[in-house]
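Following is a predicted model, sequence given first.
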Amino acid sequence: MRCKIENSMFGSQLETVYWNKYVPIKVNIHNWRLRLDRLPTRCNLDTRGIDLHSTRCPLCDEALETAQHLFVECMVAKDIWIMIKKWWGLGKYPRQLHDLLSWSHLVPLETLNKMIRLYQILSKMYSTVDDTTLSNCLMKI
């Protein structure tokens, strides 16, 4: 059913979206929206006419808040990825949004506990971004 909806809305050129049964559906939807660049980042909200004080990243104030910046380029995100890299003993971490979206399928997870922890992290990232975005915007009426 999901494939039919995606094909009718976005065409068949859309990459496969992986849904994970170990996480809440809202996290899967978040990752799907991230892949489509449909998250309510400050730049996306500004493009849709929502009045914001600034479109700069609220975490570092060094660049525009895009999905690429928020999840990969921001110093806060880089610090998180460096910690995950050390925790799992990996050689590298994602440096592009596309790499991040496919990264979880390439990481050799040794145990189910690590997989569950990864999705707990993704769930926390989801709730943090969602809370930050919604608390910092004013809609034009």
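Yes, it's here.

which intervals of the chain have sub-threshold pLDDT?
Residue ranges of the chain with pLDDT under 70: 1-18, 22, 103-116, 126, 128-141.

and if we set it to 50?
Where the chain drops to pLDDT under 50, the residues are 111, 138-141.

residue ranges of the helices in it, please?
Ranges of helices within the chain are 2-10, 25-35, 42-47, 67-68, 75-88, 97-106, 112-135, based on DSSP state H.

How about the third one, which residues are buried there?
Which is helix 42-47. Residues of helix 42-47 classed as buried: 42-46 (neighbour count, 16 or more other CB atoms under 10 Å). Using the backbone N, CA and C atoms, a C-beta is placed for each residue, glycine as well.

can I get the CA coordinates of it in PDB?
Taking C-alpha atoms only, helix 42-47 is exported to PDB below (Å, rounded to 0.1, in the frame of the first residue of the first chain):
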ATOM      1  CA  ARG A  42      13.600  27.000   9.200                       C
ATOM      2  CA  CYS A  43      14.500  27.200   5.500                       C
ATOM      3  CA  ASN A  44      11.500  25.100   4.500                       C
ATOM      4  CA  LEU A  45       9.100  27.000   6.700                       C
ATOM      5  CA  ASP A  46      10.400  30.300   5.300                       C
ATOM      6  CA  THR A  47       9.800  29.000   1.800                       C
END
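
who does that helix touch, helix- and strand-wise?
Helices and strands touching helix 42-47, by 3 or more CB pairs under 8 Å, 6 or more residues apart in numbering; DSSP states H and E: there are none.

going forward, begin numbering at 497 instead of 1
I'll keep to 497 as the first residue from here, and by that count the last item is helix 538-543.

Now do that helix: everything it contacts.
Outside helix 538-543, the residues that touch it by CB atoms under 8 Å, 6 or more residues apart in numbering are 533-534, 548, 550-554, 560-563, 629, 632-633.

Am I right that residue 530 is in contact with residue 568?
No. The pair residue 530 and residue 568 does not pass the contact test of CB atoms under 8 Å, sitting 10.9 Å apart.

Now list whatever residues contact both of these two.
residue 593.

list the buried ones in stretch 545-565?
Quick answer for stretch 545-565 (16+ other CB under 10 Å): 548, 551-553, 555-556, 559, 561-565.
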